[in-house]
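>>> Sequence first, then the predicted structure:
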Amino acid sequence: MGSMTHLTLPYPISANRYWATRIIRVKGTAKYRAMTYVTPEAEQYRREVGVIAAAAGLSSATPGRVLLHVQLYPNRPQDWARRARKEPHTWDDSVMCIDLGNCEKVLSDALNGIAWADDKQLRRIVLERMEPDEKGARLEVGIEHLAPAPSLFGEAAA
């Protein structure tokens, strides 16, 4: 296995705010169609992620398989201590947080073309929702470019 690159990224925006759809009229016809696009807020998130990934030395030119490990830290509410006293083992279940599937899709889209050439290179994704802490809402991400796996024919497969 290759070395793991660690990134601390901003908390992701919701997929509901990442993509938007509008209805447009097709020129010269009476027909309409839906057009889905990446929002300006999503573009800003992509830029922030890109700057952090580039500073860590990540490159989309790296071929091969990728392992992605994601720890999602929601924002810790002001009443966290009271919640923790009341429900010590599950207090953070009621903390507002983006769902893990939504988080993964937004993150993968933001890193696509930055940390890997195409998200089809992702071979393993580990997602964890963490207990909120004093460091605030964020994503802790590990990206590992995996060594080629041996093929059935005795040579390394990409």
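All right, it came through fine.

>>> close enough to count as contact, residue 140 and residue 8?
Yes - using C-beta atoms under 8 Å, residue 140 makes contact with residue 8 at a distance of 5.9 Å. For the C-beta atoms, the positions are set from N, CA and C on the backbone; glycine is no exception.

>>> Give me the spatial nearest neighbour of the most centrally placed residue in the chain, chain neighbours excluded.
Closest to where the C-alpha atoms of the chain average out (C-alpha atoms, centre = their mean) is residue 107, at 1.8 Å. Spatial nearest neighbour of residue 107, chain neighbours left out: residue 12 (5.8 Å); criterion: C-beta to C-beta, 6 or more residues apart in numbering.

>>> Report the contact partners of the one you found.
Contact analysis of residue 12 by C-beta atoms under 8 Å, 6 or more residues apart in numbering lists 45, 98, 102, 103, 106, 107, 110, 139.

>>> Please state the offset of the helix or strand harbouring the fifth one from the chain centre?
Which is residue 106. If you go by DSSP states H and E, residue 106 is part of helix 100-111. In this view, helix 100-111 has its centroid 3 Å away from the chain centroid, taken as C-alpha atoms, centre = their mean, to the nearest Å.

>>> if we can go back for a sec, the residue nearest to the centre of the chain against residue 9, yeah?
Yes - between residue 107 and residue 9 there is a contact under C-beta under 8 Å: 7.4 Å.

>>> Show the model's pLDDT score for the residue lying farthest from the centre of the chain.
Most distant from the centre of the chain: residue 28, at 40.0 Å, with distances by C-alpha atoms, centre = their mean. The confidence metric pLDDT takes the value 86 at residue 28.

>>> So what touches the top helix by length along the chain?
Identified as the longest helix of the chain according to DSSP state H is helix 40-55. Helix 40-55 has contacts (C-beta under 8 Å, 6+ apart) with 7-10, 12-13, 17-19, 38, 106-107, 109-111, 114-115.
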